[in-house]
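*Asks:* Quick one: sequence plus predicted model below, questions after.
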Amino acid sequence: MKDNLKLNWGLFSEHRQALMGGAILCIMLYHSFQGASDGTISRIFVTGKIGVEFFLIISGVGLYFSLSKDSNLKRFYKKRLIRILPEYLIISIPIYLSLLYYKGGTIIDFIMNMTMLNFFWGEGAYFWFIHMILICYIIAPFYFKILERKLVCRLSPLVFLVVAYIVSYFEPAYQMILPRYASFLLGMSLGKNVLNNKEIQKGEDLVMVWPVVLGVLYISTYKGQLGDLWLEPAYYFFLSIPLLIYLVLLLGQSSMVYKFFYFLGSITLELYLLHEMFFLMGARLLFDSPIVSCVVSIMATIPFAYLLCKLNKRVIKIIQY
């Protein structure tokens, strides 16, 4: 980790893995305190769902980098499907089979869950983020071409956010998912600035005041008419970039913390797949305190996530061979 960081967009590339670690930690904290009794600690950590926006933005930047180096669609899709699908199948098949056995249902329900088709009908899904990121992979090459041909303006992610809210108004089932794609488009739109290590210009540094303004507004209206769940993606869309920059600057203060976040960033998929559905559920059965179950579940998930990552790498080698 370098000292005296300059404020530039290249930070998102240089510290990408550590930022991914911060994103997955936010998500695990959110899952741990979701549904907990209302209190100061719970209200703070449930905002960890902004980790989804962090992840989408950093993923958008990463995909822009990948496509700028190699825009071959076959190689692009193959690389990403091989990375995600083996682990998804290893974890999801036993879960969906157990649901079929204990809760009843038909083979059609199993197929709908496994193929993620229920997600497109606005139904709940255990691994909805896997579904979402796969759609991002489909979108990425086409949006990359649009960006390279300069067919859209810098405000296109914001325009998409507005359109997504209009669609969500008429189809409420999509209100917590569709607007979040704006964060992914934002990440891809920033890709060129990140790739060129462009410094944040005068005027752009105003982005750093957004957390203060929107943070106060969000807290003051939390669970009120203005601050209900419907508006959360919009809050997080505007908060995510400055908070990511702050996160990099904070991580620069401790090499030990930075290394921990960097390590978490190497097993984000595995942590997402294992934490909520297995270890958090078990910890909640053993401990009444959400704080204790949070700490225990995260610490228990990490070694198993590491082992799953190692297993997946071997599977990938076999598939590629």
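*Replies:* Nice, thanks for sending it over.

*Asks:* where are the low-confidence patches of the stretch 201-321 of the chain?
*Replies:* 201-230, 321 (pLDDT under 70).

*Asks:* for residue 93, what are its contacts?
*Replies:* Residues near residue 93 by CB atoms under 8 Å, 6 or more residues apart in numbering: residue 114. Every C-beta, even on glycine, is put in place using the N, C-alpha and C of the backbone.

*Asks:* same thing with the one 3 residues further on?
*Replies:* With CB under 8 Å, 6+ apart as the criterion, the residues that contact residue 96 are 110, 113, 114.

*Asks:* And residue 316, how close does it get to residue 74?
*Replies:* Noted for residue 316: a distance of 17 Å to residue 74, by CB to CB, to the nearest Å.

*Asks:* Between the two, point out the one with more neighbours.
*Replies:* residue 316 (15 against 7; other CB atoms under 10 Å).

*Asks:* what about the closest residue to that one other than its chain neighbours, how many neighbours?
*Replies:* Using CB to CB, 6 or more residues apart in numbering and skipping residues adjacent in sequence, the residue nearest residue 316 is residue 82, 5.5 Å away. Residues near residue 82, counting by other CB under 10 Å, number 14.

*Asks:* and residue 253, helix, strand or coil?
*Replies:* coil (DSSP: H, G, I helix; E, B strand; the rest coil).

*Asks:* Can you check the pLDDT for residue 156?
*Replies:* Looking at residue 156, its pLDDT reads 88.

*Asks:* Is it in contact with residue 185, as I believe?
*Replies:* Yes. Using CB atoms under 8 Å, residue 156 is in contact with residue 185, at 6.6 Å.

*Asks:* quick one: which of these two has more around it?
*Replies:* Here residue 156 and residue 185 are compared on neighbour count by other CB under 10 Å; more neighbours surround residue 185, at 25 against 18.

*Asks:* Give me the nearest residue to that one, chain neighbours excluded.
*Replies:* Using CB to CB, 6+ apart, the nearest residue to residue 185 is residue 157, at 4.2 Å.

*Asks:* show me what contacts the one you found?
*Replies:* Applying CB under 8 Å, 6+ apart to residue 157 gives the contacts 182, 183, 185, 186, 189, 237.

*Asks:* State the distance from the fifth one to residue 252.
*Replies:* It stands for residue 189. Look at residue 189 and residue 252: by CB to CB, they are 25 Å apart.

*Asks:* who's more crowded, the two?
*Replies:* residue 189 (24 against 18).

*Asks:* In space, what's closest to that one - neighbours in sequence excluded?
*Replies:* Nearest in space to residue 189, with sequence neighbours left out and distances taken as CB to CB, 6+ apart, is residue 157 at 5.7 Å.

*Asks:* Surely residue 53 is in contact with residue 183?
*Replies:* Yes. Between residue 53 and residue 183 there is a contact at 4.4 Å, judged by CB under 8 Å.

*Asks:* Now for the two: what residues contact both?
*Replies:* The contact sets of residue 53 and residue 183 overlap at 236, 237, 240 (CB under 8 Å, 6+ apart).
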